[in-house]
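Colleague: what's the 3D shape of this:
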Amino acid sequence: MIKIYHNNRCRKSRCGLEILENSGKEFEVVKYLEDIPSEEDLKNIISMLGISPIELVRKNEAIWKENYKGKSLSDKDIIKAMAENPKLIERPIVINGNKAVIGRPPEKIIDII
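Modeller: You can find the predicted model right below:
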């Protein structure tokens, strides 16, 4: 089943959700600020995306700038930071089977549904 990691306060995430709703396919919405992904979940998502952990970080978030920016962090440190501060996770993330995309721009979602 298709899964979207969604934040309703984010315009891009709402656009991604709309694309899924219009697709007519079944999907699950994960409100990741409430249902926080574990470090293991994040490792799996990063692997499916085919990116490094830092590429999943929202680097303009105050939490990042105040606590992590400019520090020498391992991939494990970055994943831990996202698990402890889910606002740092880029959104929306859509997973379909073993494929995943960050929906920026939201049209990227069409490629995997």
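Colleague: sec struct for the spatially closest residue to residue 53 that is not a sequence neighbour, please.
Modeller: Distances taken as CB to CB, 6 or more residues apart in numbering place residue 78 nearest to residue 53, at 4.1 Å, with adjacent residues excluded. Bear in mind the C-beta positions are built from the backbone N, C-alpha and C, glycine included. Following DSSP: H, G, I helix; E, B strand; the rest coil, the label given to residue 78 is helix.
Colleague: roughly how far apart are residue 78 and residue 39?
Modeller: 10 Å (CB to CB, to the nearest Å).
Colleague: who's more crowded, those two?
Modeller: Neighbours were counted for residue 78 and for residue 39 using other CB atoms under 10 Å; residue 78 has more, 21 against 14.
Colleague: hang on, the more buried one packs against residue 57?
Modeller: Yes. Residue 78 is within contact range of residue 57, at 6.4 Å (criterion: CB atoms under 8 Å).
Colleague: how about the helices of the protein, start to end?
Modeller: Counting by DSSP state H, the segments of the chain that form helices are 11-23, 39-49, 62-67, 75-84.
Colleague: out of the ones you listed, nearest to residue 108?
Modeller: helix 11-23 (8.8 Å; CB to CB).
Colleague: The closest one: which residues count as buried?
Modeller: 12, 13, 15, 16, 17, 19, 20 (16 or more other CB atoms under 10 Å).
Colleague: And for stretch 41-54?
Modeller: 41, 42, 43, 45, 46, 48, 49, 53.
Colleague: Contact partners for the fourth one?
Modeller: Contact criterion CB atoms under 8 Å, 6 or more residues apart in numbering gives 5, 37, 56, 93, 95, 100 as the residues in contact with residue 45.
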